[in-house]
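Engineer: Need the 3D shape of this:
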Amino acid sequence: MLGYIYSAIALFTGTAKGYCGKKISEFTNKISDAIHISALRMAVSAIFGFLFLLLQGKLSHMGLNAAGALCVLWSAITNSAFVVLWLCCVHSDAYMLVEVALTLGVPIAVCGSACIPALNETLRMNSVIGMQALVIAAVLMQGYNRRMHRERLSAKELLLLIALPISSGLADLSQKYYVVSVESADAAVFSFYTFLLSALILGICCVLQKQQCKISNGATKKILLYTAAMAICLFANMYFKTMAAAIMSSAVLYPLLQCCSMLLSLAMSAFVLKERPTLQAYAGVLIAVIGIVIINLK
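Structural biologist: This is a model prediction of the structure:
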């Protein structure tokens, strides 16, 4: 029961994070903009994570062994890629296409958990069938995106959409590996170091890139407000998802979260973002939900 409570909190904070990210994406005309905004978001999340550890009296628990440091590095790299890719994708594509594309990260987390001996999980035939349904759903949603934007996906947009679930699935897998392989694993410590290192990685990218962020001064206040809210939701999402990963198997946790996230995102895109889902969109979401349910069968 506790695992489902953690999952529910992660789900709702993830949806809130998605809404803030969609609003921020309106100002990310270039990848350089997304990198700058993501670096700021990760830095704020790291500050919030440190304060959380301070209030819990866990500053003495912040040490990392070799395995923990490796997991944090893995998590930081994949999460850095994910936040930038997500902003770029939701800027140019329909929100629900991005959400359904993220379901393709579920097979990565599930298959990865089966392939890594330390995680001791098995890949069942129903998981393979469910994954095929997710691919069909993603193809259907590409057609929906074309109707929304009146154009085909460009090669760049397609590559971004392929890279997005890969980064998401690997990020989820890093959480699972951390809670299983690291003795005395602490979700708060893992989240703090992930965001701190992600902020450093993206900060270095900001310095090295040739293009500077060109966001207007008028949009700065809105971006800061949404970024602060998004950073808090991002930390809560990672923290509670990591807590749930310590209790629930990958084959249950990640499909469940993605399935419920899609349903909430469908409602948000229709009633808040005014995307007006078509019959094709509903079909794509339905097939994706069926695929996730099949993966989740015992």
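
Engineer: Can you list the low-confidence ranges for the stretch 151-298 of the chain?
Structural biologist: 151-153, 210-219, 273-275, 296, 298 (pLDDT under 70).

Engineer: Give me the secondary structure label for residue 185.
Structural biologist: coil (DSSP: H, G, I helix; E, B strand; the rest coil).

Engineer: Help me confirm that it comes into contact with residue 177.
Structural biologist: No. With contact defined as C-beta atoms under 8 Å, residue 185 does not reach residue 177; the gap is 9.9 Å. In this view, the C-beta of every residue, glycine as well, is placed from N, C-alpha and C.

Engineer: Leaving out chain neighbours, which residue sits closest to the residue nearest the centre of the chain?
Structural biologist: What sits nearest the mean C-alpha location of the chain, by C-alpha atoms, centre = their mean, is residue 168, with 5.2 Å. Counting by C-beta to C-beta, 6 or more residues apart in numbering, residue 105 is the residue found nearest to residue 168 once chain neighbours are left out, at 3.6 Å.

Engineer: how deep is the one you found tucked in, by neighbour count?
Structural biologist: 23 (other C-beta atoms under 10 Å).

Engineer: Go ahead and confirm it touches residue 165.
Structural biologist: Yes. Residue 105 lies in contact with residue 165 (C-beta under 8 Å); the separation is 3.7 Å.

Engineer: Next secondary structure after the longest helix seen in the chain?
Structural biologist: In the chain, taking DSSP state H as the definition, the longest helix is helix 217-245. Using DSSP states H and E, the next helix or strand after helix 217-245 towards the C-terminus is helix 250-271.

Engineer: How far away from the center of its chain is that next one?
Structural biologist: Relative to its chain's centre, helix 250-271 lies at 12 Å (C-alpha atoms, centre = their mean, to the nearest Å).

Engineer: so what secondary structure elements neighbour that helix?
Structural biologist: Packing partners of helix 250-271 (3 or more C-beta pairs under 8 Å, 6 or more residues apart in numbering; DSSP states H and E): helix 2-25, helix 95-102, helix 105-115, helix 155-181, helix 217-245, helix 279-296.

Engineer: Report the angle between the second one and helix 155-181.
Structural biologist: Compare the direction of helix 95-102 with that of helix 155-181 by axes from the mean of the first three to the mean of the last three C-alpha atoms, to 10 degrees and you get 50 degrees.

Engineer: which strands and helices sit next to helix 95-102?
Structural biologist: Against helix 95-102 (3+ C-beta pairs under 8 Å, 6+ apart) you get helix 2-25, helix 66-92, helix 125-149, helix 155-181, helix 250-271, helix 279-296.

Engineer: Out of the ones you listed, flag the one nearest residue 43.
Structural biologist: Among the helices and strands packed on helix 95-102, the nearest to residue 43 by C-beta to C-beta is helix 66-92 (11.9 Å).

Engineer: Which of the residues in the closest one are classified as buried?
Structural biologist: Using 16 or more other C-beta atoms under 10 Å as the test for burial, helix 66-92 gives 68, 70-92.

Engineer: so residue 74 sits right up against residue 175, yeah?
Structural biologist: No. Assessed by C-beta under 8 Å, residue 74 is found out of contact with residue 175, at 9.6 Å.
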